[in-house]
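Asks: Sequence first, then the predicted structure:
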Amino acid sequence: MRFVIDRLIYVLTLWLGVILTAFVIFQLAPNDPARIALGPNASQQQVEAFRTELGLEKSLGERLTRYGKELAQGDFGRSFGDRRPVAPEVLKRIQTTVALALLSTIFTLSYLVACIMAQLREETRLFTSVMNFLLTAMPTMFSGILVILFVSQYYPYSYLTGSWIRIDDWLFLIPAALVLAFYPMGILGIIVEDEIGRVNRLGFVRAAQARGQGPVNVLWRHKVPNIMVPILATFANQLPLLLTSTFVVEIMFSVPGIGTLLLKSVLDRDLPMLQGILIVSASFTLLITLAVEAIYPLIDPRVRQ
């Protein structure tokens, strides 16, 4: 319990740091946010009126207080582009990104189970070793291009409705989710190989085999529980990379998620939208990290001490 509380405090500290960073980026932008929003053709009177609307004429402390109150109410401001509220748009896009990450995680965990089962046979171990090398050696951009070439010719699902009720929406995400999962699959597969090899040399495994327990029983009852901590740690370390890769993959496959919204916001210099993307993305990553780390004490009792 103490471990979870310590991690919760740590994550909350990071989250507050992200919010403060988002505020500083907005306030210390090299150009006037009001001029960026209204464009070069706006009059000085329009710029000054918009600066007043944004509260830029107030002191830094007053602006930070106002910013905190608005965030507490779920208000991330309005987009500079079309003046629509930022929060609904970011939350709508994050649903697509979460769905993509969820599918990618399912593929990764399925491959992880396959790698564990492959340790039962010599020929499958060799196959998974080659696959792990290929998956980790291929850059995401390269593997994405290969999958796009295949999808453009043979894959019929090329449209996303956004309802998440139709199976077509999930099928549309499968190619992008596979590309997103390739690198974590390879890394976790390598960890499984290394850890199974280490556990095989331990005495309790040999004792279980000497008692006549079958290979499957020895694998799942004795080997797998002793390799879960490094696997979970590796998976947790992949989460920030997973989110970054999601942005790239979304742009490559034209998935209307946070990644495509981020690119559009950067090109439009839409600072409120960028703030909202930064806060929501960081919050999502920190929550997932906290959930993963909360599992540590359940797997390894030594962490509770």
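Replies: Cool, the structure landed. Remember, predicted model here, so these are calculated numbers, not experimental data.
Asks: Would you check how far apart residue 84 and residue 247 are?
Replies: Going from residue 84 to residue 247 by CB to CB, to the nearest Å gives 21 Å. From N, CA and C alone the C-beta is placed, and that goes for glycine too.
Asks: Those two: which is more packed in?
Replies: residue 247 (19 against 11; other CB atoms under 10 Å).
Asks: tell me the domain ranges of the protein?
Replies: If you go by automatic domain parsing, the domain ranges for the chain are 2-72, 86-299.
Asks: Among those, show me which one is buried the most.
Replies: Ranked by mean neighbour count, those are led by domain 86-299 with a mean of 17 (mean count of other CB atoms under 10 Å).
Asks: how about low-confidence regions in the stretch 1-150 of the chain?
Replies: 1, 3-4, 28-33, 35-40, 42, 56, 122-123 (pLDDT under 70).
Asks: All the helices of it, residue numbers only.
Replies: Read by DSSP state H, counting those that start in this stretch, the stretch 1-150 of the chain holds these helices, from start to end of the chain: 2-27, 33-38, 44-54, 60-72, 86-118, 122-137, 140-154.
Asks: Give me the helices and strands touching the fourth one, please.
Replies: Translated: helix 60-72. Where contact means 3 or more CB pairs under 8 Å, 6 or more residues apart in numbering; DSSP states H and E, helix 60-72 is packed against helix 2-27.
Asks: what angle separates the helix it packs on from helix 60-72?
Replies: Comparing the axes of helix 2-27 and helix 60-72 via axes from the mean of the first three to the mean of the last three CA atoms, to 10 degrees yields an angle of 120 degrees.
Asks: Stretch 71-81: which residues count as buried?
Replies: Neighbour counts over stretch 71-81 (16 or more other CB atoms under 10 Å) mark 71, 76, 77, 78, 79, 80 as buried.
Asks: Dump the C-alpha coordinates for it into CSV.
Replies: Extracted C-alpha coordinates of stretch 71-81, given in CSV (Å, rounded to 0.1, in the frame of the first residue of the first chain):
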residue,chain,number,x,y,z
LEU,A,71,-8.7,23.5,-15.9
ALA,A,72,-10.6,22.5,-12.7
GLN,A,73,-13.8,23.1,-14.6
GLY,A,74,-12.6,21.1,-17.6
ASP,A,75,-12.2,24.2,-19.7
PHE,A,76,-9.0,24.2,-21.9
GLY,A,77,-9.9,27.4,-23.7
ARG,A,78,-11.0,27.9,-27.3
SER,A,79,-9.1,27.0,-30.5
PHE,A,80,-7.5,29.9,-32.2
GLY,A,81,-8.6,28.5,-35.6
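Asks: and it, how far out from the chain's middle?
Replies: Centroid separation for stretch 71-81 versus its chain: 23 Å, with CA atoms, centre = their mean, to the nearest Å.
Asks: what's the answer for stretch 187-201, then?
Replies: Mean-position distance between stretch 187-201 and its chain equals 25 Å (CA atoms, centre = their mean).
Asks: Identify the residue nearest the residue most central in space within the chain in space, chain neighbours excluded?
Replies: Taking CA atoms, centre = their mean, the centroid of the chain lies closest to residue 243, which sits 2.9 Å from it. Closest residue to residue 243 apart from its sequence neighbours, by CB to CB, 6 or more residues apart in numbering: residue 285 at 5.5 Å.
Asks: which stretch of helix or strand covers the one you found?
Replies: helix 271-299 (DSSP states H and E).
Asks: re earlier: which of the helices of the stretch 1-150 of the chain sits closest to residue 289?
Replies: For the helices of the stretch 1-150 of the chain, proximity to residue 289 was assessed by CB to CB; helix 2-27 is nearest, at 6.9 Å.
Asks: Quick check: which helices or strands does the closest one pack against?
Replies: helix 60-72, helix 271-299.
Asks: Check what pLDDT the residue nearest to residue 295 when sequence neighbours are not counted gets.
Replies: Leaving aside its chain neighbours, residue 295 sits nearest to residue 232 (6.4 Å; criterion: CB to CB, 6+ apart). In this model, residue 232 is scored at 81, pLDDT.
Asks: With the one 10 residues further on instead?
Replies: According to the model's per-residue confidence, residue 242 sits at a pLDDT of 76.
Asks: what do you get for residue 186?
Replies: Model confidence at residue 186, given as pLDDT, is 90.
Asks: so what's it closest to, chain neighbours aside?
Replies: Spatial nearest neighbour of residue 186, chain neighbours left out: residue 135 (3.0 Å); criterion: CB to CB, 6+ apart.
Asks: How about residue 114?
Replies: Leaving aside its sequence neighbours, residue 114 sits nearest to residue 128 (CB to CB, 6+ apart; 7.4 Å).
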